[in-house]
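Participant: Dropping a prediction and its sequence here:
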Amino acid sequence: MSNAFSSSLEFIFPFKIEKRPSDSKLMSYLSPLIAILFTLISGAFLFLSLGVDPSTALYTFFIMPLTDVYGWTELGIKVAPLLLCATGLTLCFKAKIWNIGAEGQFIMGALGGGAMALQFLESDSSWVLIPILIAGMLSGLAWAGLAALLKTHFKANEILTTIMLNYIALNALLYFVHGPLKDPNGFNFPQSALFSDSSLLPLLSADYRLNISLLFGLFALVVIWALMSRSWIGYQINVLGEDSAAARYAGFKEKTLTWFALLTCGALAGLAGVSEVTGPVGQLIPHVSPGYGYAAIIVVFLGRMQPVGILLASMLLALTYMGGEMVQMEMTLPKSLTGLFQGMLLFFLLATDLLISYRIIRIKKSNVPSDNAITVSQG
Amino acid sequence: MNRLSLQGIWKQYPGCIANQDIHIDVPQGQIHALLGENGAGKSTLMKIIYGVVKPDAGSFFWEGEEKTVSGPAQARELGIGMVFQHFSLFETLTVAENISLSLPKDQCKDMTALSQRIREVSTHYGMSLDPERYVHTLSVGEQQRVEIVRCLLQNIKLLILDEPTSVLTPQEVSSLFLTLKKLAAEGCSILFISHKLDEVTEICDAATILRNGQVTGTCNPQNVTSTEIARMMVGSDTPLTENYKKAEGNNIVLSIKDLSFKSEDPFSSPIQNLSLDVKSGEIIGIAGVAGNGQDELMRLLSGEELADENTVRILDIDMSQLNPSKRRELGFAFVPEERLGRGAVPDMSLADNTLLTANHRGMIDKGWINFNAVKSYGQNIIDKYNVKCSGLNAQAKSLSGGNLQKFILGREIEQNPKLLICSHPTWGVDIGAAILIRHALIELRDQGAAIVVVSEDIDELYQISDRICAICQGELSPIENTGDVNIETLGQWMAGQFVDSEVLEVGSQNV
């Protein structure tokens, strides 16, 4: 840090970041809204640079998908897996267990549940859904269990292990759809046979694709909310995340709580995965997830780990998937805009969350930095 | 002319008035004490002077001129320096680097010159300090010197010290006082916040006493007794003198036998072959200089660390392998040294913090929390132990140290423990709260509980312990009735000389 450099920076940008005396509650709710606003503004510039009219493009991306009932039901299809993954992740994040592995748990749920569904190709009993869903949940649970074992037994950092397990899960799925579970009559396409109708989740309305997985998601949201706010185990998870020294002092079993949070999250993500393949997809394919497990992380933080917030955030993230498809169809723009918008959301959210504990103030003429202050030049 | 004069300062927070019509005058070169219990409004007033908090009303006169201090930076420009109770130093940087961070940029271009100035200033004021040493290698007292020197390098006219002696050894305290006297003699005014009345009478020229946000008196500490000052601090309805009858224990509740322990943490001190019996109806005081195994012993007793089998028994049940909540079911309770971040979760409400350890008392019903039970238990603590807070929904971190300690102690005592372990029960706590806490401990003893108190406050240990001992480098001294141990002996024990004196005795007998 050279002084000449920092003073010139102060001259150009005469602000510094100072710690607030206490965290701003208002800002913790405003921060997601500011992040969304910045995302929209940056999105507008992005469209401009692609040579399209920003207002048309933003309309196509964010509004047009929801202009009819069909659009809303399609939104529901995407909200369901996001909700299931996000509620499970909330449990982990509350305990400060940074599980990035919902994506892998989702994929394993799809693979395990899908493999079970392939055992019932000839069946027309509606009971077969139960073993299929259970197989999916157990597969996701087992995958999260690996991370829990590595964390509690070998003290391996769960951020690294869960990310790595995501890639293993994806490759396991690819192996099975290219190999053992490939449809023998499928002209060598890397996909399984279509599941029997009885293995598919019941639709909420015969006219649309929306199925009961949305109810699973809403139910999980209510259950996890009740668990976290009213139950003894939820309380212990909160304490563990807030203050692990107090949790040890009180005698809470850190390992048990870690297992509980990770396994519950794995089961919920697994349920999301199996619901996807027994819902809108209807068979095993190489790409069962458009990144729901990752998007759910954004949902949790954007939704402030609060039930209503998570519901709204999952709708917004679901909309980014539909918006990407819509601009591709309507304006022949790349569908990968979905990922860009999700990334910008997270990026701006992380940036604006700084304002919960810090505030930006103008640097006075004086050169003396104040206590607790990070001058811009140092940061 | 007064260097600093505050006129009619008001500051209101939601739910409480922190400062109410405060007047203070500090002339040049005066050492002025600011006294008051926790929550009396001292910290708020300091923050107002240092520009961290804006007052709602009132005027601030600096050397006769009215000013508004908009922030710490401006306060420092005026010549106000503050040493907080908790230091803000970077442990991985050297002394000089730490000091350079807070100086105007043009002053720290030349680090050799800065080191030279640090040496000069620190020697001049009798605080030897090596600018090249890393802060993590310094003792707490030396770290405080860094903070003070940091202020002194900036043409200081008013130095504010927030409870500067609470972390110092007696030797460090007397050398600090020499420094302060020298500073005052050179014309620097000093605002000195403290709980310890004997210190105030020793060095202060004037004192302002606060209670419940109001000035309840001013005096010259040289002319009044500590008791008179204490009376102004706590008000007229709290008894000041404490004389507790010593008690004799009955049956053994806690039995520690040949306990040895070595933690994986290389900085912790090992426990060596420690044995101790604690009986019901008695308080055992363990004295010792910090870092001699007290913390490790506490963790082994609480179950946060596990000891070897059969080394720790409660009522003849081996609890050495049990986790803390199992031990609580057997009648164990524990007040840890760290109130925030162990004894209580800082960001959680008092209601939630009630649940932390009192949960086995009918607050959990089939895995769900019974909020009514939590509330009535928590409200009872607040009422009975006179915890000043805005209610059960107040965050633990919003309470002053003394009030939080009353809450934690109340939470543990109300569980009717058979064995209570208490670590530094009144550390940094004001007189009123300290009296209440000691009184509660004695009452619990008289109800038949066994109590172990670990403290660095020797007066307190003499006051409340029935038997007393000391810990040094993980070894326990002999345990004697408090009346039979004079302070010299205890001092030798604290220095680890109990082994030597025994050897000497044996040696002399042989001769």
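Facilitator: Perfect, thanks for sending it. Remember, it's a predicted structure, so these values are computed and weren't measured experimentally.
Participant: all contacts plus neighbour counts: C-alpha atoms, from now on.
Facilitator: OK.
Participant: Can you tell me the element the residue in the stretch 401-511 of chain B positioned nearest to chain A falls in?
Facilitator: Closest residue of the stretch 401-511 of chain B to chain A, C-alpha to the nearest C-alpha: residue B:412 (11.4 Å). Assigned by DSSP states H and E, residue B:412 belongs to helix B:401-413.
Participant: touching chain A at all, the next helix or strand after that helix?
Facilitator: Using DSSP H and E, the helix or strand that follows helix B:401-413 in sequence is strand B:419-423. No - taking C-alpha under 8 Å from any C-alpha of the partner chain as the criterion, strand B:419-423 and chain A are apart, separated by no less than 12.7 Å.
Participant: Run through the neighbouring helices and strands of the very next helix or strand once past strand B:419-423.
Facilitator: For strand B:419-423, the following helix or strand on the C-terminal side (DSSP H and E) is helix B:431-446. Here helix B:431-446 touches helix B:226-234, strand B:282-287, helix B:401-413, going by 3 or more C-alpha pairs under 8 Å, 6 or more residues apart in numbering or on different chains; DSSP states H and E.
Participant: Quick check: which of the ones you listed is buried the most?
Facilitator: strand B:282-287 (a mean of 27; mean count of other C-alpha atoms under 10 Å in any protein chain shown).
Participant: which residue sits closest to whichever residue of the stretch 201-350 of chain B sits closest to chain A, ignoring its sequence neighbours?
Facilitator: The nearest approach of the stretch 201-350 of chain B to chain A comes at residue B:342, 3.9 Å away (C-alpha to the nearest C-alpha). Of all residues not flanking residue B:342 in the chain, residue A:246 sits nearest, at 3.9 Å (C-alpha to C-alpha, 6 or more residues apart in numbering or on different chains).
Participant: got it, and residue B:482?
Facilitator: Closest to residue B:482 by C-alpha to C-alpha, 6+ apart is residue B:467, at 4.8 Å.
Participant: List the contacts of the one you found.
Facilitator: Each residue near residue B:467 by C-alpha atoms under 8 Å, 6 or more residues apart in numbering or on different chains is listed here: B:282, B:283, B:284, B:285, B:479, B:480, B:481, B:482.
Participant: coming back round to it: residues near the residue of the stretch 201-350 of chain B closest to chain A, how many?
Facilitator: 19 (other C-alpha atoms under 10 Å in any protein chain shown).
Participant: Could you pick out the residues of the stretch 201-350 of chain B near chain A for me?
Facilitator: B:302-304, B:323-326, B:341-347.
Participant: The helix holding residue B:412 - contacts with which helices or strands?
Facilitator: So helix B:401-413, by 3+ C-alpha pairs under 8 Å, 6+ apart, packs with strand B:332-335, helix B:350-358, helix B:371-384, helix B:431-446.
Participant: Just give me the lowest mean pLDDT stretch among the ones you listed.
Facilitator: Among these, helix B:431-446 carries the lowest mean pLDDT, at a mean of 90.
Participant: in it, what counts as buried?
Facilitator: By 16 or more other C-alpha atoms under 10 Å in any protein chain shown, the buried positions in helix B:431-446 come out as B:431-438, B:440-442, B:444-446.
Participant: so where's chain A shaky on pLDDT?
Facilitator: A:1-10, A:364-379 (pLDDT under 70).
Participant: Find the centremost residue of it, please.
Facilitator: When C-alpha atoms, centre = their mean is applied to chain A, the residue found nearest the centroid is residue A:296 (0.9 Å).
Participant: Just to be sure, that residue is in a helix?
Facilitator: Yes - the assignment for residue A:296 by DSSP: H, G, I helix; E, B strand; the rest coil puts it in a helix.
Participant: residue contacts, it?
Facilitator: Contacts of residue A:296 by C-alpha under 8 Å, 6+ apart are A:82, A:83, A:85, A:86, A:89, A:102, A:314.
Participant: would you turn the contacts of residue B:467 into JSON lines with distance to residue B:497 and pLDDT?
Facilitator: Output for the contacts of residue B:467, formatted as JSON lines (distance: C-alpha to C-alpha, whole Å; pLDDT from 0 to 100):
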{"residue": "B:282", "distance to residue B:497": "26", "pLDDT": "94"}
{"residue": "B:283", "distance to residue B:497": "24", "pLDDT": "95"}
{"residue": "B:284", "distance to residue B:497": "20", "pLDDT": "95"}
{"residue": "B:285", "distance to residue B:497": "18", "pLDDT": "95"}
{"residue": "B:479", "distance to residue B:497": "14", "pLDDT": "93"}
{"residue": "B:480", "distance to residue B:497": "15", "pLDDT": "91"}
{"residue": "B:481", "distance to residue B:497": "19", "pLDDT": "92"}
{"residue": "B:482", "distance to residue B:497": "18", "pLDDT": "89"}
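Participant: Tell me the one of those nearest residue B:45?
Facilitator: Among the contacts of residue B:467, residue B:285 lies closest to residue B:45 (C-alpha to C-alpha), at 36.5 Å.
Participant: Hmm, residue B:468 and that closest one touching each other?
Facilitator: Yes - using C-alpha atoms under 8 Å, residue B:285 is in contact with residue B:468, at 4.7 Å.
Participant: returning to that earlier point: leaving out chain neighbours, which residue sits closest to the residue nearest to the centre of chain A?
Facilitator: Nearest one to residue A:296, counting by C-alpha to C-alpha, 6+ apart, is residue A:86 at 4.8 Å.
Participant: What strand or helix carries that neighbour?
Facilitator: Assessed by DSSP H and E, residue A:86 sits inside helix A:69-94.
Participant: what do you get for residue A:252?
Facilitator: Under DSSP H and E, no helix or strand contains residue A:252.
Participant: same thing with residue B:451?
Facilitator: If you go by DSSP H and E, residue B:451 is part of strand B:450-454.
Participant: my read is residue B:26 is in a helix, agree?
Facilitator: No - secondary structure of residue B:26 (three-state DSSP): strand, not part of a helix.
Participant: what sits against it?
Facilitator: Going by C-alpha under 8 Å, 6+ apart, the list of residues near residue B:26 reads B:2, B:3, B:4, B:5, B:32, B:189.
Participant: Distance check, it against residue A:19.
Facilitator: To residue A:19, residue B:26 is 30 Å away according to C-alpha to C-alpha, to the nearest Å.
Participant: Looking at the contacts of residue A:296, which one is closest to residue A:177?
Facilitator: Minimum distance to residue A:177 across the contacts of residue A:296 is 20.6 Å, recorded for residue A:102 (C-alpha to C-alpha).
Participant: Residue 174: what's it in contact with?
Facilitator: Chain wasn't specified; assuming chain A. Residue A:174 touches residue A:286, counting by C-alpha under 8 Å, 6+ apart.
Participant: Next: residue B:150.
Facilitator: Per C-alpha under 8 Å, 6+ apart, neighbours of residue B:150: B:99, B:102.
Participant: Give me the distance between the closest residue to residue B:135 other than its chain neighbours and residue B:24.
Facilitator: Distances taken as C-alpha to C-alpha, 6+ apart put residue B:91 closest to residue B:135, at 4.7 Å, once the chain neighbours are dropped. Distance of residue B:91 to residue B:24, computed by C-alpha to C-alpha: 36 Å.
Participant: can you give me the strands in chain A?
Facilitator: Using DSSP state E, the strands of chain A run over A:15-19, A:358-362, A:373-374.
Participant: Compare those strands and give me the one nearest chain B.
Facilitator: Between chain B and these, the shortest separation by C-alpha to the nearest C-alpha is 10.3 Å, and it involves strand A:373-374.
Participant: what's the overlap in contacts for residue B:285 and residue B:468?
Facilitator: Taking C-alpha under 8 Å, 6+ apart as the criterion, residue B:285 and residue B:468 both touch B:461, B:462.
Participant: Write out the residues of the stretch 201-350 of chain A neighbouring chain B.
Facilitator: A:230-233, A:239, A:242-252.
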